[in-house]
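Asker: I would like to see how this sequence folds:
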Amino acid sequence: MFYRDNNSAVFSMLLFITTCLFLLFISNNMYSQKLEQIADVDLISIIEKEHTNSKQANIKYSNKKNIGKFLCIESNKIIDSIVKISLIDSLENKNIIIRIEGSNTVLNYSYYDFSSNVNKITPYIILTKKAEYRYGDTINYFLKTDAQNSDADFSELDKQFNHSQVFNLFLQFPKLSDKEKYLFFDKGASLIFPLDISTARWISNPTRLKIYLIK
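Answerer: Residues are numbered from 1 along each chain as shown. Prediction:
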């Protein structure tokens, strides 16, 4: 004869009800959240402005084979400057979504994908444009003059100093396909994640950056 364990049946029913209530809570919480756009910027113009602050990277595969030297811009500094301007509390950084548009690609990231507090090596925007100066080049200086003052223009010295600094940047794979190499290292600018084991999060020719806050 088959006997039913009433305690087991009650427990199963309570577990079922609890699970349903939990899923309902999660569903309602998700739908109650709102995305507030706090920034929409032209990345192309920002990259042009940051060109002076770029440094040279000798980018290599994991097997130490050389890809080439490229000017690099630290993308986390661009994002942090925008977040700071938007006056977002640092405690809300976990609720920030970064949306970047590129050549036929739109990808979403979290703030922590770019944070120097989380990543040993942060993502870089690399430029196929070559450095304008090498160590030892001669720079001419000019005076900025107006009605009130005259100052020497040392902006070219800053650019030369930054461009003359070369560091090694190693990728985490031994080879790129010809298509990938063309997309990310032969066309304008690219956003790369050096510590990734694939190029799934990389973007060729990033053009626009949008930042959202999850409310």
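Asker: Strands along the chain, start to end?
Answerer: Secondary structure of the chain (DSSP state E): strands located at 35-42, 55-60, 66-74, 96-102, 105-110, 124-127, 143-145, 150-152, 166-170, 189-192, 203-204, 208-214.
Asker: Dump those strands to JSON lines, plus mean pLDDT and distance to residue 179.
Answerer: All C-beta atoms are positioned from the backbone trio N, CA, C, and that covers glycine. Shown next, in JSON lines, are those (pLDDT from 0 to 100; distance: least, Cβ to Cβ, whole Å):
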{"stretch": "strand 35-42", "mean pLDDT": "90", "distance to residue 179": "27"}
{"stretch": "strand 55-60", "mean pLDDT": "92", "distance to residue 179": "17"}
{"stretch": "strand 66-74", "mean pLDDT": "93", "distance to residue 179": "15"}
{"stretch": "strand 96-102", "mean pLDDT": "93", "distance to residue 179": "15"}
{"stretch": "strand 105-110", "mean pLDDT": "93", "distance to residue 179": "14"}
{"stretch": "strand 124-127", "mean pLDDT": "94", "distance to residue 179": "17"}
{"stretch": "strand 143-145", "mean pLDDT": "51", "distance to residue 179": "47"}
{"stretch": "strand 150-152", "mean pLDDT": "53", "distance to residue 179": "47"}
{"stretch": "strand 166-170", "mean pLDDT": "91", "distance to residue 179": "21"}
{"stretch": "strand 189-192", "mean pLDDT": "95", "distance to residue 179": "13"}
{"stretch": "strand 203-204", "mean pLDDT": "94", "distance to residue 179": "10"}
{"stretch": "strand 208-214", "mean pLDDT": "91", "distance to residue 179": "23"}
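Asker: out of those, nearest to residue 116?
Answerer: Nearest to residue 116, of all the strands of the chain, is strand 66-74, at 8.3 Å by Cβ to Cβ.
Asker: The closest one pairs with which strands, and in what direction?
Answerer: strand 55-60 (antiparallel), strand 124-127 (antiparallel) (DSSP bridges).
Asker: just the angle between that strand and strand 166-170, please?
Answerer: Interaxial angle, strand 66-74 versus strand 166-170 (axes from the mean of the first three to the mean of the last three Cα atoms, to 10 degrees): 110 degrees.
Asker: what sits up against strand 66-74?
Answerer: Contact partners of strand 66-74, identified using Cβ atoms under 8 Å, 6 or more residues apart in numbering, comprise 47, 50-51, 53-61, 122, 124-131, 163, 166, 169, 171, 176, 181, 185.
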